[in-house]
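Q: only geometry, no sequence info:
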Ligand code: CP
């Protein structure tokens, strides 16, 4: 099967088969990490530009490593020291980057739909690295890959996503991917942070952490995104933590082989305790490692996906 897309804008528009194809290719690229020379010539001569209008540690760095392992030239465009500060528009910035020879533009922006706009206006392949609260497709893919690696598959698996679902692009991309792959999804948190329309996607809502995680195979904890909240949606961070933070004690409510995930960055002591974040159920750092392999697979498939087969 050939990947038919030029851009990766979200997981909503991918089929189950296309998501499975990315996960299969990810496994192939992860094998490269065990070699002494972790580099293949797949994207030699291509240029990948990362254009992040919002901060990032994991996504930006892992796209850079992924592109370099595929032998691409990589440019990290620094928005804060660029002519964006002088008022240059998004489209003028992107057309300038394209004229400099970009084949791929990896973009993060606070506005939902910004990568979709670029995809309509650009020759380059556009990869959404997070657009406001809308989608973060490569995070959804690396989470799915990590679950598959640890649990063997998705059929009948209970995945609980806890936290600020309203403002979370990670939650949306996880829901699109995991529901297509056959998992049962519960979203848990205060009612002000759980959008009711998500029930139409087949997602269960729970306002009680104990009830939500009782049958969970996977618990994915999300950060409270204070920077995106325009209203006081809960009384205080302390109260949120008292009701929904996952501590060692509360982890006993879940199954013995439950997987603990978090996309990062973590607010230790808020949504997750120190000991749970670093404990034996946690795969948080493995998610980060898998992010490189997923991003290699995405770049490879968007480039046509043939030279290396
Ligand atoms: N998970 C994630 O997107 O992390 P960064 O914001 O550090 O890229």
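A: Good, I have the coordinates. It should be emphasised that the depicted structure is a prediction, and the values quoted were computed from it without experimental measurement.
Q: for the rest of this, base every contact and every neighbour count on C-alpha atoms.
A: Noted.
Q: quick one: the residue nearest to residue 137 when sequence neighbours are not counted and the ligand, what's the gap?
A: Spatial nearest neighbour of residue 137, excluding adjacent residues (Cα to Cα, 6 or more residues apart in numbering): residue 10 at 5.1 Å. Taking Cα to the nearest ligand atom, to the nearest Å as the measure, residue 10 falls 14 Å from the ligand.
Q: in the stretch 151-300 of the chain, which ranges drop under the pLDDT threshold?
A: 226-231 (pLDDT under 70).
Q: actually the stretch 1-150 of the chain, not the one I wrote
A: Using pLDDT under 70, nothing in the stretch 1-150 of the chain is flagged.
Q: now do the strands in it.
A: 47-52, 73-77, 104-109, 125-131 (DSSP state E, counting those that start in this stretch).
Q: thinking the residue nearest to residue 137 is in contact with residue 172, fair?
A: No. The pair residue 10 / residue 172 is not scored as a contact, 9.4 Å apart, by Cα atoms under 8 Å.
Q: shared neighbours, the two?
A: 135, 136 (Cα atoms under 8 Å, 6 or more residues apart in numbering).
Q: more crowded one of these two?
A: Neighbour count, other Cα atoms under 10 Å: between residue 10 and residue 172, residue 10 has more, with 25 against 22.
Q: can you list the buried residues in stretch 293-309?
A: 293, 294, 295, 296, 297, 298, 299, 300, 301, 302, 303, 305 (16 or more other Cα atoms under 10 Å).
Q: might one say that the third one is in contact with residue 138?
A: When you say that, I think you mean residue 295. Yes. Applying Cα under 8 Å as the test, residue 295 and residue 138 come out as touching, 6.8 Å apart.
Q: residue 178 and residue 142 touch, don't they?
A: No. With contact defined as Cα under 8 Å, residue 178 does not reach residue 142; the gap is 11.3 Å.
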